[in-house]
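S.K.: here's my sequence, what's the structure:
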Amino acid sequence: MLRKFVLLFLLLLSPVAFAAGNQLSQYEYKQLSGAFKLMEEGSLTQARKLLKQAQPNMKSDYAKALVFQNLAQIALHSEQFSVALKNLKQAKVLNALPKDQQDNLDHTLGQLYCMQESWSSCIKHLKQWMAAVPGSVKPSDHLLVAQAYSQLESWKLVLPHISKAINAKKIAPQNWYQLKVVAHVRLKQWSQAAKQQQVLLRHYSDKPGEWRQLVSLQLQAKQRKSALATQRLGYNRKILRKPTDYTLLAQLLMNQNIPYQAGIVLQEGMKAKVVKASVRNLRILSQAWIVAKEMDKAIGILKRLNQIAPNEKTAAQLAQIQIQERKWKGAEATLVKALKKSVEPAELQLMLGITRLNMKKYDAARSAFDQAGKSSKYEKTVAGWIRYLDQMNAVNELRG
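M.R.: Below you'll find the model as predicted:
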């Protein structure tokens, strides 16, 4: 991209004519005039031949400099950058051109050195030119210096030049803002990077990648509320609608203690078949509903999860919520199924005993408690439940 930009600029240069105040011999004038005419007509090969033939006979430094400079222009048109660079350096050493042309040699040399990826020389010549003719400096010149510094990874020196380039434009090209953001990132200036990314986004708000970059930078800068606001706004505008956009928004909402909205976002993503109903995503969704105290929804998701990837932990969580919600039949079914494949059944047996006790299935409850009591971990807890069960039986016998 940088090479293409510089080449386009260089090829726009016109043949370099001689200044009225400088003296040329009749021969020098005739040969140079002929070469200029051929160049303007596009006959570059013939112009080059004429200049090379006349070169040994040029007596004044001014004429010699004009020959070198125009040979450089011809080389540029055929993308012979090394040849152009050699001729321009020779023209500069003579120091015989009018000041504006002499200064412009630094401009062209700087651009050519950038083409050759000689970044330090590029910067040196461009900055010399900028100091000599500050009124002629354009935003694209500051951009070129900033890009050269970026190639040297001199990120602190990138910033002043890219800032000047951007500030000179009402709306700068997208990649100009991106370069400034990258400089701040490389300097680990996360807040400044996020701020600059916001500027970019104001002008290029239809770019999903730029929204994601802003969220990432805000998180890096520990601006979690701002990151949520950005992600939420992008989601509401239907710009951020990839699977990861849904899950990230849900996580950010959960982190800010907004679980119900997190659940809604994931539910919408799954309904639209954008977000996969994977074990991980279902776990996040179930947790959102639990924290939001939407227990019926949580039970539904945990049942689904228990079918896809059955394990004791999921079964225990599902049964615990069913018990909490006094859904005894559902809890019993969950626990009986889980116990068929259980490796460490004590906790599940304890929960089954509590469930059956509440269902007034006293004998079955005692049996479950007895199984749970075989584990030293639950021995004391089970003893308490059995005492309670004995009291219930005693009360029932008195009533009977």
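
S.K.: by residue count, tell me the biggest helix in this protein.
M.R.: Longest helix in the chain by number of residues, with DSSP state H as the criterion: helix 379-399.

S.K.: average model confidence for it?
M.R.: Helix 379-399 shows a mean pLDDT of 87.

S.K.: what's that helix packed up against?
M.R.: For helix 379-399, the elements it packs on are helix 346-358, helix 362-372, judged by 3 or more C-beta pairs under 8 Å, 6 or more residues apart in numbering; DSSP states H and E. C-beta here means a position set from N, CA and C on the backbone, and glycine is covered the same way.

S.K.: one more time with 6 Å
M.R.: helix 362-372 (3 or more C-beta pairs under 6 Å, 6 or more residues apart in numbering; DSSP states H and E).

S.K.: can I get the helix it packs on in PDB? Just the C-alpha atoms.
M.R.: Provided in PDB are the C-alpha atoms of helix 362-372 (Å, rounded to 0.1, in the frame of the first residue of the first chain):
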ATOM      1  CA  TYR A 362     -40.900 -42.400  53.900                       C
ATOM      2  CA  ASP A 363     -39.600 -45.900  53.400                       C
ATOM      3  CA  ALA A 364     -38.000 -44.900  50.000                       C
ATOM      4  CA  ALA A 365     -36.600 -41.800  51.700                       C
ATOM      5  CA  ARG A 366     -35.000 -43.900  54.500                       C
ATOM      6  CA  SER A 367     -33.500 -46.200  51.900                       C
ATOM      7  CA  ALA A 368     -31.900 -43.300  50.100                       C
ATOM      8  CA  PHE A 369     -30.600 -41.700  53.300                       C
ATOM      9  CA  ASP A 370     -29.100 -45.100  54.300                       C
ATOM     10  CA  GLN A 371     -27.200 -45.200  51.000                       C
ATOM     11  CA  ALA A 372     -26.000 -41.600  51.400                       C
END
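
S.K.: what angle sits between it and helix 379-399?
M.R.: 160 degrees (axes from the mean of the first three to the mean of the last three C-alpha atoms, to 10 degrees).

S.K.: what sits up against helix 362-372?
M.R.: Outside helix 362-372, the residues within contact range by C-beta atoms under 6 Å, 6 or more residues apart in numbering are 346, 349-350, 352-353, 356-357, 378, 382, 385-386, 389.

S.K.: looking at those, which is nearest residue 255?
M.R.: Nearest to residue 255 out of the contacts of helix 362-372 is residue 350 (C-beta to C-beta; 33.6 Å).

S.K.: and for the spatially closest residue to the closest one that is not a sequence neighbour, the neighbour number?
M.R.: Excluding the flanking residues, the one nearest residue 350 by C-beta to C-beta, 6 or more residues apart in numbering is residue 372, at 4.0 Å. For residue 372, the count of nearby residues is 25 (other C-beta atoms under 10 Å).

S.K.: by mean pLDDT, point me to the weakest helix or strand of this structure.
M.R.: Lowest by mean pLDDT, DSSP states H and E among the helices and strands of the chain is helix 2-11, with a mean of 41.

S.K.: right, and the helix or strand after it?
M.R.: On the C-terminal side of helix 2-11, the closest following helix or strand by DSSP states H and E is helix 26-41.

S.K.: which parts of that following helix are buried?
M.R.: Using 16 or more other C-beta atoms under 10 Å as the test for burial, helix 26-41 gives 28, 31-32, 35-36, 38-39.

S.K.: close enough to count as contact, residue 115 and residue 79?
M.R.: No. Assessed by C-beta atoms under 6 Å, residue 115 is found out of contact with residue 79, at 9.0 Å.

S.K.: so which of the two has more stuff around it?
M.R.: Taking neighbours as other C-beta under 10 Å, residue 115 and residue 79 compare with residue 115 leading, 20 against 12.

S.K.: low pLDDT regions in the chain?
M.R.: For the chain, applying pLDDT under 70 flags the ranges 1-22, 400.

S.K.: phi, psi for the spatially most central residue of it please.
M.R.: Closest to where the C-alpha atoms of the chain average out (C-alpha atoms, centre = their mean) is residue 213, at 3.6 Å. Residue 213 adopts backbone torsions of phi -60, psi -40, taken as degrees, to the nearest 10.

S.K.: how far away is it from residue 181?
M.R.: Distance, residue 213 to residue 181, by C-beta to C-beta, to the nearest Å: 7 Å.

S.K.: can you check which residues contact both of those two?
M.R.: Common neighbours of residue 213 and residue 181 (C-beta under 6 Å, 6+ apart) are residue 197.

S.K.: returning to what we had before: need the CA coordinates for the longest helix of the chain. CSV is fine.
M.R.: The C-alpha coordinates for helix 379-399 follow below in CSV (Å, rounded to 0.1, in the frame of the first residue of the first chain):
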residue,chain,number,x,y,z
GLU,A,379,-22.8,-39.1,57.7
LYS,A,380,-23.7,-36.4,60.2
THR,A,381,-26.1,-34.7,57.7
VAL,A,382,-27.9,-38.0,57.0
ALA,A,383,-28.2,-38.7,60.8
GLY,A,384,-30.1,-35.4,61.2
TRP,A,385,-32.5,-36.2,58.3
ILE,A,386,-33.1,-39.7,59.7
ARG,A,387,-33.9,-38.3,63.1
TYR,A,388,-36.4,-36.0,61.4
LEU,A,389,-37.8,-38.9,59.5
ASP,A,390,-38.2,-40.9,62.7
GLN,A,391,-40.1,-37.9,64.3
MET,A,392,-42.4,-37.8,61.2
ASN,A,393,-43.1,-41.5,61.6
ALA,A,394,-43.8,-41.1,65.3
VAL,A,395,-46.2,-38.2,64.6
ASN,A,396,-48.0,-40.2,61.9
GLU,A,397,-48.4,-43.2,64.3
LEU,A,398,-49.9,-41.0,67.0
ARG,A,399,-52.4,-39.7,64.5
